[in-house]
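Novice: Everything below, folded, please.
(one chain, ligands or ions: 2)
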Amino acid sequence: MRSPASAFPYPFADQQLPCLIGGEFVREGRSFPNVSPVNGRIIATVTEADASMVDRAVQAARAALRGPWARLTTPERCALLRKVAERIEQRFDEFVSAEIADTGKTFAQASSLDIPRGAANFRAYADLALGRASECFEMGTPDGRGALNYTVHKPVGVVAVIAPWNLPFLLLTWKAAPALACGNTVIAKPSEETPSSAALLAEVMQEVGVPPGVFNLVHGFGPESTGEALVTHPDVSAIAFTGESATGSAIMASAAPTVKRLSFELGGKNASLVFADADFEAALAGTVRSVFANCGQVCLCSERVYVERPIFERFVEALAGAARRLRVGGPYEGADMGPLISRAHRDKVLSYYRLAREEGGEIVCGGGVPRFGDERDEGAFIEPTVVRGLPEDARCVREEIFGPICHVAPFDTEEEAVRLANDTRYGLAAAVWTSNLQRAHRVARQMEVGIAWVNDWFLRDLRTPFGGVKLSGVGREGGAYSLAFFSEPMNICVKL
Ligand code: NAD
Ligand code: 6OD
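Specialist: Ligands and ions are numbered 1, 2, ... in the order given. You can find the predicted model right below:
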């Protein structure tokens, strides 16, 4: 399982990653390299699906909508999804290795969050689909006999699931699991940066007996490649997309001519509000996590931290101290933070580090690239960074950076804190740190976001609505919201 090109275990050693189309693993046409962000080495080549391969996948998915999959009862379908979860757990180490090879993220995170959540997504949506109730409305009729209306939930059809690279397996399964639970067929397109855990999932689907064409996997890029072919395809009925807001906008335009159903989970510029009455150590630890988790590459990460003035200096010093102590390193070194996803993304994040200085900010800690003196210097590592002193209209305060950096600024009143937090074109998540119960509820409610945490961050119950307002998304997923998106409700009226 160890690839000569990789310093780490890798389940696809010496292989070209295939697409899965209509139950067949396909390696044909163009391919592209999969590069490790830990050391810049090529760890695999990946089959790129062109428009004709995407079309074959869509036709296979359409055909599967009329095959054995359509005849499964909901309990049978959900039992199959539970088998997917079990098989992921049986192949847990391979999934962890695959995710780590693509992203360089820490073993601790991949093994405690990314892969367990992938399995949990299949179980959660199997349970939710099984427990879904149907509405029934009894009505009067002129003849006095009445009628019953009841709702049946049908699949929407062929669903495109397009995922980003930051939490590749968690986010792909977050959409694929409910789509399948509702009886749809799926074309999954992982990010070109992170094909490996999706490739393992394709194997798992085959192993547990998901019928051919129900789950298809196409690898490739976005514009003028696999992604574009998928979102413009007339036989794709719905697109569940997670990624950048600008990409969401481009997909919306591409999908408009064929009027597809869309669910978008997009970017963020999330605020954390730390009140002086907060449990200082809890707020500090939570903020360190919310800024630097996954090297700052979580859509929910806080890039703007506002701290009430009486504790501002102490908090900034403590936050910078904690950031300096974070161990940056390779995935199996017990580090706290791995690399960014790629050199290209590091260039982008470093351009914001430079911009922060140019815009008048003070770099309290970090601001550069760590040097290791070994092959990690060929990777995409970067220092965790805290900035202060920027004006609120600075680009670093307004634009999503998606790296391990936050700007920290003081506030004097609750009203000011709320205003600052909401003064953004994004609206995904917020964290409020306070020990005042009334304030906690009052402030959380005023956050113009889809998800607000009080005295925690990224604490997830999969039944709750997840998504953003403004540039951060369209619609909600999670629990019944996902079931609604991936289903076509139909009313049947029975005259009694
Ligand atoms: P991205 O938008 O560049 O790419 C996401 C996916 O879309 C990839 O699979 C890519 O190949 C595909 N794609 C790109 N252009 C396309 C096109 N024109 N047509 C079809 N597909 C296309 O995003 P990324 O860089 O992979 O991920 C980081 C971004 O994702 C950040 O902005 C982050 O905030 C956001 N994100 C949001 C959430 C959320 O839940 N709101 C979660 C994770 C990441
Ligand atoms: O926890 C989830 O379900 C979820 N969708 C998380 C998204 C994280 C963004 O990077």
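Novice: For the spatially closest residue to residue 65 that is not a sequence neighbour, give its distance to residue 104.
Specialist: Nearest non-adjacent residue to residue 65, counting by C-beta to C-beta, 6 or more residues apart in numbering: residue 185, 5.4 Å away. Yep, even glycine has a C-beta here, placed from its N, CA and C like the rest. Distance, residue 185 to residue 104, using C-beta to C-beta, to the nearest Å: 33 Å.
Novice: show me the contacts for the closest residue to residue 135 other than its chain neighbours.
Specialist: In space, not counting the residues next to it along the chain, residue 135 is nearest to residue 151; the distance is 4.6 Å by C-beta to C-beta, 6+ apart. For residue 151, the contacting residues are 134-136, 489-492, by C-beta atoms under 8 Å, 6 or more residues apart in numbering.
Novice: what secondary structure does residue 483 sit in?
Specialist: Under DSSP: H, G, I helix; E, B strand; the rest coil, residue 483 falls in the helix class.
Novice: any idea which element the residue sitting nearest the centre point of the chain lies in?
Specialist: Among the residues of the chain, the one closest to the centroid is residue 171, at 4.0 Å (C-alpha atoms, centre = their mean). Residue 171 is located in helix 168-181, with elements delineated by DSSP states H and E.
Novice: Where does pLDDT dip in this protein?
Specialist: Residues of the chain meeting the criterion pLDDT under 70: 1-7.
Novice: still on that earlier bit, please determine how far the residue nearest to residue 65 is located from residue 58.
Specialist: For residue 185, the distance to residue 58 - C-beta to C-beta - is 9 Å.
Novice: Between these two, which contacts overlap?
Specialist: With C-beta under 8 Å, 6+ apart, residue 185 and residue 58 have common neighbours residue 158.
Novice: And these two? Which one has more around it.
Specialist: Per other C-beta atoms under 10 Å, whichever of residue 185 and residue 58 has more neighbours is residue 185, with 30 against 24.
Novice: Correct me if wrong: residue 254 contacts residue 231.
Specialist: Yes. With contacts counted by C-beta atoms under 8 Å, residue 254 reaches residue 231, the gap being 4.7 Å.
Novice: give me every residue that touches the residue of the stretch 351-496 of the chain found nearest ligand 2.
Specialist: Of all residues in the stretch 351-496 of the chain, residue 460 sits closest to ligand 2, at 4.6 Å by C-beta to the nearest ligand atom. By C-beta under 8 Å, 6+ apart, the contact set of residue 460 is residue 466.
Novice: Next, the contact list for residue 147, please.
Specialist: Neighbours of residue 147 in contact, by C-beta under 8 Å, 6+ apart: 138-139, 141, 493-496.
Novice: from those residues, which is closest to residue 348?
Specialist: residue 493 (55.1 Å; C-beta to C-beta).
Novice: Let me see the contact set for the closest one.
Specialist: Applying C-beta under 8 Å, 6+ apart, the residues near residue 493 are 147-149.
Novice: and what of residue 414?
Specialist: 275, 439, 442-443.
Novice: out of the contacts of residue 151, which touch ligand 1?
Specialist: For ligand 1, no contacts are drawn from the contacts of residue 151 by C-beta under 6 Å from any ligand atom.
Novice: Could you save those residues as TSV and add columns showing secondary structure, distance to residue 468 and neighbour count?
Specialist: Converted to TSV, the contacts of residue 151 look like this (DSSP: H, G, I helix; E, B strand; the rest coil; distance: C-beta to C-beta, whole Å; neighbours: other C-beta atoms under 10 Å):
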residue	secondary structure	distance to residue 468	neighbour count
134	coil	30	10
135	coil	28	9
136	strand	34	10
489	strand	24	11
490	strand	29	10
491	strand	31	10
492	strand	35	11
